[in-house]
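Q: Structural data only, the sequence is not supplied:
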């Protein structure tokens, strides 16, 4: 009798899961180029949590639990459609219209005030086929529309305010975004590929090339297990759409900010198989900080060839060139945080400015074998070269604390990253169970060559010892225009003090099983990663080899069609190049994340709320040695726990919102220095709360106008480094606002930042008798104009 029970149970499960099933099949294409399928379009069964994403051929298949009345179809860059389901067609043909197209009346837009603040699907770069609300992970999407409304021009300029708990270390804004969340620094992807260099970077992506930004909270085995367990953010760059679209954006602002960008999107042949996208940008700006300036240029061509409706190849190249005076506007004094004028600097205009040249390239092959199985292969490269000089002060002057002893430093760095990935997506249907399968391999090779933190301006004292030459600067009466000597490493990069490399390959498989009329989703996955590191710093050499298996288990359940809960267990690994000052190799960071949460779509998906609670453990933590930036400290184990809430979308007619809050408790559990046990982790912030509102005024005469307002708040801020005796920074509150106007072809936006003109600082820390911080801009304004042909 006992042996019959499983069979009876399986039979009941089959009957229960199969009853009243209605299969819906369709294909999504571009309205103006019907021969071009749209991969990655979101298909949602209206009024339910059931949905899917189109494959590389634009095909989709859904099983409805009862008679279905309509579908909602959306894709970034296209107008959302509501499709009525009548009759019983074998295949539903859907043509999406580009967002800039006019006069096509068969399209139903969800709201006259609609702005793509809430994106209900992930990009194809994330390799997933499940709608956001059904994923067993907290993923937040930021659209280019949000960045425009906020006047942002790259990933260091206000991006973090749009996701709960994200803050920035603003020490080297021109060299990388350096974002922190959940007690750790989050890793960076571009188009789903790990292009993060070993030392610094990648350089901030410019808004001119950004299509959307995706924040994955917690480890994401489906992307990579290389990264901090806090999470990852992925920048998706603009791609050809096959629909002609031409636009230009200009920006004017305080401190002689001038910026111009152009976006050209079109086809190069009559059959529209060869498509292109070209983005260019130029910018020049001064600063509220003395002697600082910034010059930037971006060139980003993309070519895509559509061999057929199932096969395509895309080649992409981005060139970015920067020149700026200050690697960072860090200031310091023995007299406490924010005690210097906002325009104070330790820089000397005679120092050679920083020159940066950054090249990235992508080659992507996509092929759909059929409606259920597809293959994607990508190869990419990054090369970043930079050189420059800066002043630094390492500690208090005991003879006169208010007299800063500056010494010039020199950097010459080349960073290279090569990355390759191949993965397959598949779907298998069995009685009562649907499986969505993802499997693939990732490979990555990183290297940094450099002469870093070089003290080149020295003299020999009476005892025959080499000493740094100081250029005193009094904080009460600073005098500048001192001539400093020029320098370049003899022999160039091959004669530098740093040569480090990281190589890894990773095999993974992920299976999402769907039960009970697609209400319950169980995700099982695993990754095997092998990592090799080689380090040579100041003639000290080390190497390491590690092989790690990391599992993933996720569970998601739909309480109601638009309300789901989830639980997640995932692990991660970070290979860490570098050595300690004692010559010891740095071990990989290992992290474990446990998380539960819930998601709710409101008003037919116009806005969404996501709530998550997490607990993260990290081991083998590394920090920069404050006594010498060439070396690292392995500080032990930490934990982070907290709660996060995100609200995004059109909460009322015409009112689009981005509201988030995060509480974080992050401490050191073990350390080589027992005094640090129980101390706050680096870049700790207890409370982070951000709000951004954009409201289109009602009425026919005012409907072309909009107003915006928002603020950023951080409370309970720690320091840049972990310290036994804390010197916490002041709370942070910044209020912004603006007004906009638009017509058929033109959008105008005026934004005022720091309306209250508060004295604000970022990245505070105390070291060797000095308080360090980065001053934030006072009251300032930006005028943006976006014109579409």
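A: Sure thing, it's come through. The structure presented is a predicted model; accordingly, all values stated were derived computationally and were not measured.

Q: Surely residue 254 touches residue 783?
A: No - the criterion here is CB atoms under 8 Å, and residue 254 misses it with residue 783 at 10.1 Å. C-beta: built from backbone N, CA, C; applies to glycine.

Q: Just say helix, strand or coil for residue 243.
A: The three-state assignment at residue 243 reads coil, by DSSP: H, G, I helix; E, B strand; the rest coil.

Q: Going forward, count from 31.
A: Let's use 31 as the start, then, which means that last one is residue 273.

Q: burial of it, as a residue count?
A: 23 (other CB atoms under 10 Å).

Q: If we ignore the residues flanking it in sequence, what's nearest it?
A: residue 128 (4.2 Å; CB to CB, 6 or more residues apart in numbering).

Q: contacting residues for that neighbour?
A: 60-62, 107-109, 271, 273, 275 (CB atoms under 8 Å, 6 or more residues apart in numbering).

Q: Swap in 7 Å and give it another go.
A: With contact set as CB atoms under 7 Å, 6 or more residues apart in numbering, residue 128 has these partners: 62, 107-108, 271, 273, 275.

Q: Just the buried residues out of those residues, in PyMOL syntax.
A: For the buried members of these, the matching PyMOL selection, counting by 16 or more other CB atoms under 10 Å, is:
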select buried, resi 62+107+108+271+273+275
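
Q: can you put the contacts of residue 128 in a markdown table and add distance to residue 670?
A: Shown next, in a markdown table, are those (distance: CB to CB, whole Å):
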| residue | distance to residue 670 |
| --- | --- |
| 62 | 48 |
| 107 | 36 |
| 108 | 39 |
| 271 | 40 |
| 273 | 44 |
| 275 | 43 |
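
Q: Nearest to residue 617, out of the contacts of residue 128: which one, please.
A: Ranked by distance to residue 617 (CB to CB), the contacts of residue 128 are led by residue 107 at 44.0 Å.

Q: quick one, domains of the chain?
A: Following automatic domain parsing, one gets these domains for the chain: 53-140, 174-267, 275-818.

Q: Could you give the average pLDDT over the last one?
A: I take that to be domain 275-818. Domain 275-818 shows a mean pLDDT of 92.

Q: Spatially central, which residue of this structure would that be?
A: residue 263 (2.9 Å; CA atoms, centre = their mean).

Q: I'd assumed residue 215 was in contact with that residue.
A: No - judged on CB atoms under 7 Å, residue 263 makes no contact with residue 215 at a distance of 11.0 Å.

Q: where exactly do the helices run in this structure?
A: Taking DSSP state H as the criterion, the chain carries its helices at 34-48, 174-179.

Q: which stretch in these has the least confidence?
A: Here the lowest mean pLDDT among the helices of the chain goes to helix 34-48, at a mean of 40.

Q: need the contact list for the spatially closest residue to the residue nearest to the centre of the chain that is not a sequence neighbour.
A: What sits nearest to residue 263 in space, not counting adjacent residues and going by CB to CB, 6+ apart, is residue 245, at 4.8 Å. With contact taken as CB under 7 Å, 6+ apart, residue 245 is in contact with 169-170, 193, 196, 261, 263.

Q: Turn the residues you listed into JSON lines, including distance to residue 808 and pLDDT.
A: Formatted as JSON lines, the contacts of residue 245 follow (distance: CB to CB, whole Å; pLDDT from 0 to 100):
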{"residue": "169", "distance to residue 808": "36", "pLDDT": "93"}
{"residue": "170", "distance to residue 808": "30", "pLDDT": "94"}
{"residue": "193", "distance to residue 808": "26", "pLDDT": "96"}
{"residue": "196", "distance to residue 808": "24", "pLDDT": "96"}
{"residue": "261", "distance to residue 808": "32", "pLDDT": "91"}
{"residue": "263", "distance to residue 808": "29", "pLDDT": "90"}
